[in-house]
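Asker: predicted model, plus sequence, below.
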Amino acid sequence: MDAYLQVNQLIKSGYHPYVKLDSLLEEFLQAALKKVRSSEGSIQIQNRGETVSGKQGQDLVINRVEETNKPKKDLFSDSEFVDSPLYDQPPEEIERPAMPVENKIPVENKIPVENKVLIENRMPEDSILCFPLIYMGETIGKVSLKLNRQDSQTQEVKHFVDLFAKELAFFIKRHEVKQRTLQYLGKELFLIGTSSSIKRLDEFIEKASQVDLPVLIEGEFGCEKLHVACAIHFCSARHHELFVEVNCSSQHSSNFLEKLAAGFEKAEGGTLFLNGIDQLDLAYQAQITGYLESRVGQWIGGSPRKRDVRIIASASQNLQEMVQAESFLKEILIELDFLKVEIPPLRDRQEDIRAHVEYLVQKYQRFPGQKISERVLKICEAYNWPENVFELERVIATLMALSGEQEIIDSNGLEYHEKIKNFCDGREEQMLLGARTSRNSFGAEGTKNRKLAGIPIELLASNLATQDLHGLDNLHPSLYKALKYMSEHFHEEISLGNLSQQAHISPSHLSFLFKTELGYPCKSFLAMVRIEKAKQLLKTQSNQRITDISLDVGFGDLSHFEKTFKRIVGQNPSKYRQGLLYNRPGLMFQES
């Protein structure tokens with residue numbers, strides 16, 4: 001098996017986001033020892049002064065390392081920071097380790113930072129393979145594995161340990177961010193998961209933390225945009241300074257501009273996070289230019305002095321598309337779009353859902369015996385989570401609150417969540433067999449008898465054609481806004497982009513809401529509304545030409561209208577009108 005896949009498999013099998021870092025490293029080390037057939041090994045973290053060590057198949061222990069330098073307190077209350085680097089000797093002064101004492105690898109021996117070094121034990125059949133843990137170009141620890149001479153010489157083993165060390169560095173920094181956000185912000189904000197998407201975010205955070213360029217974080221509502229912003233700040237050289245958040249959705253409060261100005265002042269030397277900058281009206285967007293320093297020379301900053309503030313902004317919509325729609329200032333996008341990352345929706349990283357659920361169960365657990373059953377876990381993995389991590393947390397928190405002591409929560413506990421309940425109906429058996437419902441399975445067969453709040457979907461489309469919004473109250477607020485706009489403008493040219501602007505979400509998110517909550521793609525549902533209106537006109541305007549009706553309901557092409565009408569109704573408009581007239585004596589039929 002490829003070394004990358006082996007490391008990935010090892011990390012997934014031992015990953016539990018709710019455990020302490022020491023316990024997590026124990027899991028990883030034990031799995032690594034087994035994978036490379038090592039008799040014993042250790043993981044040492046520089047700033048904590050601790051080593052996780054042990055033998056394969058046995059409980060691992062944590063040994064505190066004696067440091068000769070005078071320590072000073074770091075951000076962690078139970079840890080110490082050592083001024084000198086872990087590896088402080090040049091390569092030519094490497095000390096050969098003595099015989100291991102009590103079968104433990106001596107952690108006090110120094111190895112160089114710049115190279116991965118194989119240090120041979122005095123016993124010819126044993127070697128110690130040491131790899132530094134590197135983050136942002138600096139050494140934060142080392143991993144050491146005791147191997148026989150033959151295994152230690154193979155490139156496959158070296159490559160495996162190298163990749164393993166890189167993964168360990170990311171998890172160590174995640175834990176550091178978790179501790180720092182808890183200390184400074186009062187809540188744990190850190191990335192959870194082992195998917196390739198999350199690993200790419202880890203890599204982006206490492207690179208973005210090394211510079212002071214502006215960062216733009218895009219992602220659907222409910223994704224971990226704040227978590228990524230915190231990680232960039234607390235992994236950077238600014239982590240001792242303030243992280244200040246300005247919530248742009250509160251722009252209509254009377255003192256928003258005062259909050260904005262105060263945010264820039266407080267964040268001096270630190271980071272200012274403009275959360276939801278896409279929610280700002282154009283007038284408020286223009287105000288921001290008075291505080292931003294233009295990196296590309298668009299203007300001279302309105303501040304009398306240059307501020308030392310790093311800017312991170314987040315958006316739930318695609319700002320480039322908003323610029324094209326003239327709902328976001330191009331000048332601001334130019335100043336923000338230096339380092340850009342998009343957080344994938346939770347539905348696109350299904351493999352991370354179990355880890356999120358495990359963490360949330362521990363966070364909201366009321367009794368030691370509370371846990372999520374495998375059946376509910378599979379439902380959670382199969383569900384599409386339109387509001388992403390925010391929605392998942394609400395669901396798990398509610399389940400924990402409603403369940404009793406020692407109860408294994410089953411799928412019945414999800415009934416309060418109407419969307420999940422509807423999702424489960426008729427699908428649970430397939431999910432228990434491991435088959436996830438396809439997001440692209442919507443069509444005539446799947447939606448023929450679909451209902452929303454007890455209203456058939458065809459009747460809902462008919463109601464919208466007369467601007468009747470009955471039955472839409474329980475929909476996602478953004479979908480409600482889009483449907484309201486559609487009911488008022490269906491006869492005009494409408495695109496998914498138009499609707500997403502009215503709903504204040506990204507086109508991809510709105511498309512997802514149409515499919516999950518209505519069972520139809522946006523374009524298909526719009527066609528249904530127009531055809532329902534056409535049916536009403538054919539019934540009430542018996543003398544109006546079909547060509548005119550086609551234009552009135554939003555079809556610019558008669559042929560397209562007739563084909564769409566026949567596909568939805570089952571007959572062409574002329575026959576449909578003829579059938580209506582045959583049932584109304586005294587009315588003359590007039591063909592178009």
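Answerer: Nice, I can see it.
Asker: surely Leu272 is within a strand?
Answerer: Yes. Counting by DSSP: H, G, I helix; E, B strand; the rest coil, Leu272 is part of a strand.
Asker: so it bridges to which residues?
Answerer: Val244, Ile311 (DSSP bridges).
Asker: next, count neighbours for it.
Answerer: By other Cβ atoms under 10 Å, 26 other residues sit near Leu272. In short, each C-beta sits where N, CA and C put it, glycine included.
Asker: what distance do you get for it to Phe204?
Answerer: 19 Å (Cβ to Cβ, to the nearest Å).
Asker: contact partners for the closest residue in space to Asn318 that isn't next to it in sequence?
Answerer: The shortest distance from Asn318 to any non-neighbouring residue, by Cβ to Cβ, 6 or more residues apart in numbering, is to Ser506 (5.5 Å). By Cβ atoms under 8 Å, 6 or more residues apart in numbering, the contact list for Ser506 reads 218, 220, 316-318, 321, 500.
Asker: out of those, list just those in strands.
Answerer: Cross-referencing the contacts of Ser506 against strands under DSSP state E gives Glu218.
Asker: from the contacts of Ser506, which would you call buried?
Answerer: Listed as buried from the contacts of Ser506 are 218, 220, 316-318, 500; burial here means 16 or more other Cβ atoms under 10 Å.
Asker: including distance to Thr398 and pLDDT, could those go into JSON lines?
Answerer: Shown next, in JSON lines, are those (distance: Cβ to Cβ, whole Å; pLDDT from 0 to 100):
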{"residue": "Glu218", "distance to Thr398": "29", "pLDDT": "95"}
{"residue": "Glu220", "distance to Thr398": "22", "pLDDT": "92"}
{"residue": "Ser316", "distance to Thr398": "24", "pLDDT": "92"}
{"residue": "Gln317", "distance to Thr398": "29", "pLDDT": "90"}
{"residue": "Asn318", "distance to Thr398": "32", "pLDDT": "90"}
{"residue": "Ser500", "distance to Thr398": "29", "pLDDT": "86"}
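Asker: let me have those residues in a markdown table, extended by distance to Asp348.
Answerer: Shown next, in a markdown table, are the buried ones among the contacts of Ser506 (distance: Cβ to Cβ, whole Å):
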| residue | distance to Asp348 |
| --- | --- |
| Glu218 | 14 |
| Glu220 | 10 |
| Ser316 | 16 |
| Gln317 | 18 |
| Asn318 | 16 |
| Ser500 | 18 |
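Asker: same for the helix or strand containing Ala482, what does it pack against?
Answerer: Here Ala482 sits within helix 477-489, counting by DSSP states H and E. When contacts are defined as 3 or more Cβ pairs under 8 Å, 6 or more residues apart in numbering; DSSP states H and E, helix 477-489 packs onto helix 457-465, helix 496-503, helix 507-513, helix 522-540.
Asker: which one of these lies closest to Glu374?
Answerer: Among these, the nearest to Glu374 by Cβ to Cβ is helix 507-513 (26.7 Å).
Asker: model confidence over stretch 370-390, on average?
Answerer: The average pLDDT within stretch 370-390 is 86.
Asker: same check, this time on stretch 286-293
Answerer: So the average pLDDT for stretch 286-293 ends up being 81.
Asker: list the buried residues of that stretch.
Answerer: By 16+ other Cβ under 10 Å, the buried positions in stretch 286-293 come out as 287-289, 291-293.
Asker: what's the end-to-end length of that stretch?
Answerer: 13 Å (Cα to Cα, to the nearest Å).
Asker: contacts for the helix holding Ala482 next, please.
Answerer: Contacts of helix 477-489 (Cβ under 8 Å, 6+ apart): 221, 464-465, 467-469, 472-473, 475, 494, 498-500, 502-505, 509-510, 513-514, 517-518, 522, 526, 529.
Asker: at 6 Å instead, please
Answerer: With Cβ atoms under 6 Å, 6 or more residues apart in numbering as the test, helix 477-489 has contacts from 464, 467, 472, 499, 502-503, 505, 510, 513, 517.
Asker: need the max-distance pair from these.
Answerer: Spatially, the most separated pair among the contacts of helix 477-489 is Gln467 and Ile505, at 22.2 Å (Cβ to Cβ).
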